[in-house]
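Participant: Turn this into a model:
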Amino acid sequence: MHAKTSAKAQAARIQALQAEIDELQKMLGENENAEQIVSRHIKLLHRYNEAKDATQILIGKLAAYQQRTIRQVHNDFGLTDED
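Facilitator: Below you'll find the model as predicted:
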């Protein structure tokens, strides 16, 4: 069984959601498009990940050349597990 929601309750919920949307839009900026911002952040994240992957490949090659572990090379450059 589904509980029926009254038209008044639905209207109140819609009004509350619209108020939340309006508040978030003000925080974002009136002329900003959230989808464009998210799309740009995703593109930047892809670029970051590609650069990080390339860096890890080079660190791996350096470690092999120096006959050391990758962790040792990371320590030489002051890199942590979060880097």
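Participant: ok, then the element right after the lowest-mean-pLDDT helix or strand in the chain?
Facilitator: Taking mean pLDDT, DSSP states H and E as the measure, the helix or strand of the chain with the lowest value is helix 7-28, at a mean of 90. Towards the C-terminus, the helix or strand next in line after helix 7-28, according to DSSP states H and E, is helix 34-66.
Participant: what's the angle between that following helix and helix 7-28?
Facilitator: With axes from the mean of the first three to the mean of the last three CA atoms, to 10 degrees applied, the angle from helix 34-66 to helix 7-28 works out at 50 degrees.
Participant: residue ranges with poor pLDDT in the chain?
Facilitator: Regions of the chain meeting the criterion pLDDT under 70 cover residues 1-3, 83.
Participant: And for the residue nearest to Leu62 when sequence neighbours are not counted, the neighbour number?
Facilitator: Ranked by CB to CB, 6 or more residues apart in numbering and with sequence neighbours excluded, the top spatial neighbour of Leu62 is Val73, at 5.6 Å. Every C-beta, even on glycine, is put in place using the N, C-alpha and C of the backbone. Residues near Val73, counting by other CB atoms under 10 Å, number 19.
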